[in-house]
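Colleague: sequence plus predicted model, see below.
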Amino acid sequence: MPQQFWKPGTDKPRILEDEEGGVVFFAPSLSSASSSSSRFGYASIGSQRQRLPVYKYRTAILYLVETHATTIIVGETGSGKTTQIPQYLKEAGWADGGRVIACTQPRRLAVQSVASRVAEEMDVKLGEEVGYTIRFEDVTNPAATMIKFLTDGVLLREIMDDPLLTKYRYVDSFGSKNLELIWKKLEMVLFCVFPGMVADLLEHIQRRRPELRLIISSATIEAKSMSDFFQTSKKHRGPEDHEFVPRKVPAVLSVEGRGFNVQIHYVVEPVSDYVQATVSTVLSIHDQEPAGDILVFLTGQDDIDAAIQLLAEEAHASRKISSGLIVLPLYSSLPRAEQDLVFSPTPRGKRKVVISTNIAETSLTLEGVVYVVDSGFSKQQFYNPISDIENLVVAPISKASARQRAGRAGRVRPGKCYRLYTEEYFVNEMSSVGIPEMQRSKLVSCVIQLKALGIDNILGFDWPASPPPEAMIRALEVLYSLGVLDDDAKLTSPVGFQAAEIPLDPMISKMILSSNQLGCSEEIITIAAILSIQSIWVSGKGVQKELDEAKLRFAAAEGDHVTFLNVYKGFLQSGKSSQWCHKNYMNYQAMKKVIEIREQLRRTALRLGIVLRSCEGDILAVRKAVTAGFFANASRLEVSDLIFLFPARLEAFSHNGMYKTVRGSQEVYIHPSSVLFRVNPKWVIYHSLVSTDRQYMRNAMTIDPSWLTEAAPHFFQNLRRPDPIAH
DNA sequence: GAGCACTGC
């Protein structure tokens, strides 16, 4: 029914004048438009740098940083701020005498590429004056590095080791100011769990070290609320400090980006089926618009596959339209080789259509996109602290997100964005920034880290977005039951401090710590590494039967955890072979990651004084260690009363696979991907619950119920009393 | 017999 959808080109396109000034698609002069160095083939790096939009603000930025504790720089991508500002600061002397300019980026890849770009511009060897630190990789020289790029997570770990970041502290010969600078991407500050914490923590650090300068790089819309946050948190600090201390009120500076105009088109009527609407829109762009690739935002693999199939059908029906379309899916679980296809240049006379999840919104950039089709939805995680279940659901995106998607059309030349929702909806109904991740997530890891940072009054902590109290209580309860927190909600020694050192979920940390006494630490860190990645198997669609058979070759009667040990052993015996993985329907990339994480855990374990020891096949020890971390996730098979009426038929008819959790008496089932599916042992513990039509336990292991009270006597003793959370 | 938005230590 193409008519029921708005057709691009049939209505006069408009450029949105946004009330919040959110869309700042700036049309620059040609000379500043190109980022390709070939365009400036004869220009020196210096003159290239001067052509970047941020260059005109150089003096202003340096002035503001000099005079303000916090500077917020607002600007679209492409202004050059990421690579240039650290250099300006360095040129102005902020890195003199051993001081360090630290610059965080949300992703590992961004850290690496920005660092090498800056090293190149400064004509220095990466790892000397300019370096970077990401998980598994430290390319810095403490004696020489002046500009250091790092991920939020690494900075968080550094703050944990050194709450006032004193290791960056510079005491110059005059004994005056110690300066350094942390550069933080604000969009991550507001939307992510850990980065949100990082911003708060930096604010805390600033209170005690007013000389520390903070520059926050922000997308337009969040700047004001962030500025308010820094301002109000500092209001209660008493009398103003004396004159050479920087001003507390943050400075805000806008820098235009280098994107092109993007015309925004809205549908006239709301669409009922965005997959169908996507397909109609793509076909009509292809039919009516000049060359240029199309980027479509849908929610997940299912949508994407459905759209591709529908597109193939409709394109087939009208042969004229279909010629020249190259349709490609893009999502993170897609095998690497298929992902790379989206980056290959579009052949002349063809048009590439990339149908993507949110991965293309921020994580990776496609060149050549001129048209964006925005469904208005994405998958978002929600956490229910009452049931303790994390759920991935399709939800409407925010205005901030819609702008980010639209901006993807204006990277190479003026583009168009087709929004599959009405303008009225965008203006009046779409929320401006969405629910902060802090309010949609489990808080156990977050709480243990705050505790480790010495912030004990968590309920009174000055969050930019307070998490729900139920989630907070649930997190404190879990940590208490693990023995990580004591009666005063302080980290216990040594268990609490050790668990905080391990960069994984506290239940996994506890499992690792317990393996020390049980003599199976080698096996347990293998299990921990595998549990902390998505899946070691290849995606099952189309090869389900083969995948199941492959799994059977490794399956252990004790369940998935022990099965993982068999898989890992096989992988090592194959010489970590990619062919072996292929043959066994395992994801080679995932296995390589397991090896990496395992190595890191080994090092962490050694640092914590854990003796690395194999139990040499004593699987009982392994199961007890797993239980020591995951006792709270125990569940018991519900056996029907029929068992007493028809004892002879016990095996076949006594149950329907339903379990009840010990913790909250919730109905749960073993996930079909588990090796224990249909086996249904009487007692299991699981790693996590996923919720679809039913509650499924993912990664289950058989236990003896007596281990539960052995592992956590207090926890199970308390359960006999009415549980306030269970209702 | 089901289904996995996306980061990060």
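Modeller: Thanks, I have it. Residues are numbered from 1 along each chain as shown, chains lettered A, B, ... in the order given.

Colleague: now check stretch A:81-93, is it near DNA strand B?
Modeller: No. Counting by C-beta under 7 Å from any atom of the strand, DNA strand B is not contacted by stretch A:81-93; separation bottoms out at 15.0 Å. Where you see a C-beta, it was placed from the backbone N, CA and C, and this is true even at glycine.

Colleague: do stretch A:104-124 as well
Modeller: Yes. Residues of stretch A:104-124 contacting DNA strand B under C-beta under 7 Å from any atom of the strand: A:106-109.

Colleague: now the residue of the stretch 601-727 of chain A at minimum distance from DNA strand B: how far from A:Ala306?
Modeller: As assessed by C-beta to the nearest atom of the strand, DNA strand B sits closest to A:Thr692 within the stretch 601-727 of chain A, at 2.2 Å. As judged by C-beta to C-beta, to the nearest Å, A:Thr692 and A:Ala306 stand 18 Å apart.

Colleague: likewise A:Ser614?
Modeller: 47 Å.

Colleague: higher neighbour count, these two?
Modeller: A:Ala306 (17 against 12; other C-beta atoms under 10 Å).

Colleague: what's the helix or strand for that one?
Modeller: Using DSSP states H and E, A:Ala306 falls within helix A:301-317.

Colleague: A:Val252 now?
Modeller: Using DSSP H and E, A:Val252 falls in strand A:251-255.

Colleague: that strand: what's the following helix or strand?
Modeller: Immediately after strand A:251-255, counting by DSSP H and E, sits strand A:262-266.

Colleague: quick one: list the elements packing against that next one.
Modeller: Judged by 3 or more C-beta pairs under 8 Å, 6 or more residues apart in numbering; DSSP states H and E, the packing partners of strand A:262-266 are helix A:399-407, strand A:415-419.

Colleague: and the average pLDDT for stretch A:303-311 is what?
Modeller: Averaged across stretch A:303-311, pLDDT comes to 91.

Colleague: which ones are touching A:Arg623?
Modeller: A:558, A:561-562, A:701-703, A:707 (C-beta atoms under 8 Å, 6 or more residues apart in numbering).

Colleague: thinking again about what came up before, other residues contacting the helix holding A:Ala306?
Modeller: So helix A:301-317 is contacted by A:274-276, A:278-280, A:282-283, A:296, A:298, A:321-322, A:325, A:327, A:329-331, A:333, A:353, A:355-357, A:375 (C-beta under 8 Å, 6+ apart).

Colleague: biggest helix in chain A, by residue count?
Modeller: helix A:588-607 (DSSP state H).

Colleague: for A:Arg701, which non-adjacent residue is spatially closest?
Modeller: Wrong residue type there; residue A:701 is Met, not Arg. Nearest residue to A:Met701, sequence neighbours excluded (C-beta to C-beta, 6 or more residues apart in numbering): A:Gly559, at 3.6 Å.

Colleague: nearest to A:Glu128 among the contacts of A:Arg623?
Modeller: Taking C-beta to C-beta as the measure, A:Glu128 sits nearest to A:His561 out of the contacts of A:Arg623, at 44.6 Å.

Colleague: show me what the helix or strand where the closest one lies is packed against.
Modeller: Using DSSP H and E, A:His561 maps to helix A:560-573. Here helix A:560-573 touches helix A:521-531, helix A:544-554, helix A:578-583, helix A:619-630, strand A:695-702, going by 3+ C-beta pairs under 8 Å, 6+ apart.

Colleague: and the angle from it to helix A:544-554?
Modeller: Taking axes from the mean of the first three to the mean of the last three C-alpha atoms, to 10 degrees, one finds that helix A:560-573 is oriented at 90 degrees with respect to helix A:544-554.

Colleague: so for the helix or strand that contains A:Arg207, mean pLDDT?
Modeller: Secondary structure assigned from DSSP H and E places A:Arg207 in helix A:193-208. Here helix A:193-208 scores 58 as its mean pLDDT.

Colleague: is DNA strand B contacted by stretch A:658-678?
Modeller: Yes. Applying C-beta under 7 Å from any atom of the strand, one finds stretch A:658-678 touching DNA strand B at A:671-673, A:677.

Colleague: as JSON lines, those with pLDDT, distance to A:Ala409 and secondary structure would be great.
Modeller: Output for the residues of stretch A:658-678 next to DNA strand B, formatted as JSON lines (pLDDT from 0 to 100; distance: C-beta to C-beta, whole Å; DSSP: H, G, I helix; E, B strand; the rest coil):
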{"residue": "A:His671", "pLDDT": "92", "distance to A:Ala409": "40", "secondary structure": "coil"}
{"residue": "A:Pro672", "pLDDT": "90", "distance to A:Ala409": "41", "secondary structure": "coil"}
{"residue": "A:Ser673", "pLDDT": "90", "distance to A:Ala409": "38", "secondary structure": "coil"}
{"residue": "A:Phe677", "pLDDT": "93", "distance to A:Ala409": "45", "secondary structure": "coil"}
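
Colleague: show me what contacts the closest residue to A:Ala406 other than its chain neighbours?
Modeller: Nearest non-adjacent residue to A:Ala406, counting by C-beta to C-beta, 6+ apart: A:Cys417, 3.9 Å away. A:Cys417 is in contact with A:262-265, A:371-374, A:405-406, A:409, counting by C-beta under 8 Å, 6+ apart.

Colleague: in terms of pLDDT, where does A:Cys417 sit?
Modeller: Per the predicted model, pLDDT is 95 at A:Cys417.

Colleague: swap in A:Arg237?
Modeller: 39.

Colleague: what of the one 3 residues further on?
Modeller: What the model reports as pLDDT for A:Glu240 is 41.

Colleague: show me where the stretch 351-500 of chain A has helices.
Modeller: With DSSP state H, counting those that start in this stretch as the criterion, the stretch 351-500 of chain A has helices at A:359-362, A:399-407, A:423-424, A:444-452, A:469-481, A:495-501.

Colleague: of all those, which lies closest to DNA strand B?
Modeller: helix A:359-362 (3.8 Å).

Colleague: sort out which residues of that closest one are buried, please.
Modeller: A:360-362 (16 or more other C-beta atoms under 10 Å).

Colleague: repeat for stretch A:81-97
Modeller: Quick answer for stretch A:81-97 (16+ other C-beta under 10 Å): A:81-90, A:92, A:94-95.

Colleague: repeat for stretch A:51-68
Modeller: For stretch A:51-68, by 16+ other C-beta under 10 Å, it's A:51-55, A:57-58, A:61-62, A:64-65, A:68.

Colleague: how about stretch A:249-260?
Modeller: Applying 16+ other C-beta under 10 Å to stretch A:249-260 flags A:250-260 as buried.

Colleague: report the residue spans of chain A with pLDDT below the cut-off.
Modeller: Chain A contains residues with pLDDT under 70 at A:1-43, A:76-78, A:162-206, A:208-211, A:218-248, A:319-322, A:461-465, A:540, A:641-653, A:718-727.

Colleague: picking that back up, partner strands of the strand holding A:Val252, parallel or antiparallel?
Modeller: Its sheet considered, strand A:251-255 pairs with strand A:70-75 (parallel) by DSSP bridges.
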